[in-house]
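*Asks:* Let me see the structure of the following:
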Amino acid sequence: MSNDFEFEFEDYDPLEAKPITKKSMVIFFVIDTSESMKGKKIDDLNRVMREIIPQLAGVGGCNTELKYAVLSFSSGCKWITSEPMIVEDNNSWKDLSANGITDLGMAFEELTSMLSRKKFLKSPSLSYAPVIFLMTDGYPTDNYKKGLEKLKNNNWYKYGMKIALGIGDYFDESVLEEFTENKELVVKAANSSQLAKLIKTIAVTSSQIASKSMTIVSDEENELDYEDVEGNKQKEMVKIVQDTVSDDEFIETLELEDGWD
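*Replies:* Here you go, the predicted model:
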């Protein structure tokens, strides 16, 4: 396991209800921009992201500095943001274009390299575990398992909140389940309306939950470790996601609106 993952337990409890200084939280958007996303899919995604980035301002509350980072992948991968961007200061969206194959494994390796105190998580203040939001419409064309294995050896990934959104009807759900390690945090958008609803709900809610301090005492008054606390946050996210996809209005869009494929 990586030794880079540090919350400075000796000096400060990262789960303290009232932090002394603002704590940093990064939401990573990992987005498929392969050829199959070309056209209406990428246009719809860009439109939703243009709307949601400004809406993230203030989501974490006055004690959290919320940042976002964007990694796109197709034939290779690249960071759209050169570093995590503070939402309040950088709330415009740079539209993505689609072309190439689906090098998801390469994206996993690149993400792993930046989940580090020396790279994208080098905030001078304390940090919450990140949110990693993966969006894809297809099947990996490279050795994704190799990249995912490296990612799973990273403690920021281990304690972070992972959510995956499959776009359309032809994505590999099993791969997304491997990534999230929880099938209830894998969701599907069958059309533009569902895509907009899911991206907005997941981006805002995951940021709120991940940047929230939680008690470290259970109902039985037993002390919880950090993994337990993050597990509680994940359960809270699962409920929100499942409530969203089971909502009547969300389901009705299947009859009212065609998909992309």
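
*Asks:* Alpha carbons of the one helix or strand in the chain whose mean pLDDT sits lowest, in PDB - could you do that?
*Replies:* Within the chain, no helix or strand scores below helix 226-245, which has a mean of 87 by mean pLDDT, DSSP states H and E. Output of helix 226-245 as PDB, limited to C-alpha atoms (Å, rounded to 0.1, in the frame of the first residue of the first chain):
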ATOM      1  CA  TYR A 226     -11.700   5.900   9.700                       C
ATOM      2  CA  GLU A 227     -12.800   3.100   7.400                       C
ATOM      3  CA  ASP A 228     -16.100   2.800   9.300                       C
ATOM      4  CA  VAL A 229     -16.800   6.500   8.900                       C
ATOM      5  CA  GLU A 230     -16.100   6.500   5.200                       C
ATOM      6  CA  GLY A 231     -18.400   3.400   5.000                       C
ATOM      7  CA  ASN A 232     -21.200   5.400   6.600                       C
ATOM      8  CA  LYS A 233     -20.700   8.100   4.000                       C
ATOM      9  CA  GLN A 234     -20.900   5.600   1.300                       C
ATOM     10  CA  LYS A 235     -24.200   4.200   2.700                       C
ATOM     11  CA  GLU A 236     -25.600   7.700   2.700                       C
ATOM     12  CA  MET A 237     -24.600   8.100  -1.000                       C
ATOM     13  CA  VAL A 238     -26.100   4.800  -2.000                       C
ATOM     14  CA  LYS A 239     -29.400   5.800  -0.500                       C
ATOM     15  CA  ILE A 240     -29.400   9.100  -2.500                       C
ATOM     16  CA  VAL A 241     -28.500   7.400  -5.700                       C
ATOM     17  CA  GLN A 242     -31.000   4.600  -5.400                       C
ATOM     18  CA  ASP A 243     -33.800   7.100  -4.500                       C
ATOM     19  CA  THR A 244     -32.900   9.100  -7.600                       C
ATOM     20  CA  VAL A 245     -33.000   6.100 -10.000                       C
END
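
*Asks:* If we go by neighbour counts, what in that helix is buried?
*Replies:* 229, 230, 233, 234, 236, 237, 241, 244, 245 (16 or more other Cβ atoms under 10 Å). Where C-beta positions appear, they are placed from N, C-alpha and C, glycine not excepted.

*Asks:* Could you let me know which of these ends up closest to residue 114?
*Replies:* Proximity of the buried residues of helix 226-245 to residue 114 (Cβ to Cβ) peaks at residue 230, which lies at 19.9 Å.

*Asks:* Any idea how many residues pack against residue 107?
*Replies:* By other Cβ atoms under 10 Å, 28 other residues sit near residue 107.

*Asks:* I misspoke; the intended subject was residue 197.
*Replies:* Residue 197, neighbours per other Cβ under 10 Å, totals 18.

*Asks:* isn't there a helix covering it?
*Replies:* Yes - assigned with DSSP: H, G, I helix; E, B strand; the rest coil, residue 197 falls within a helix.

*Asks:* now it, nearest residue through space, not along the chain?
*Replies:* Nearest residue to residue 197 in three dimensions, chain neighbours excluded: residue 250, at 6.1 Å (Cβ to Cβ, 6 or more residues apart in numbering).
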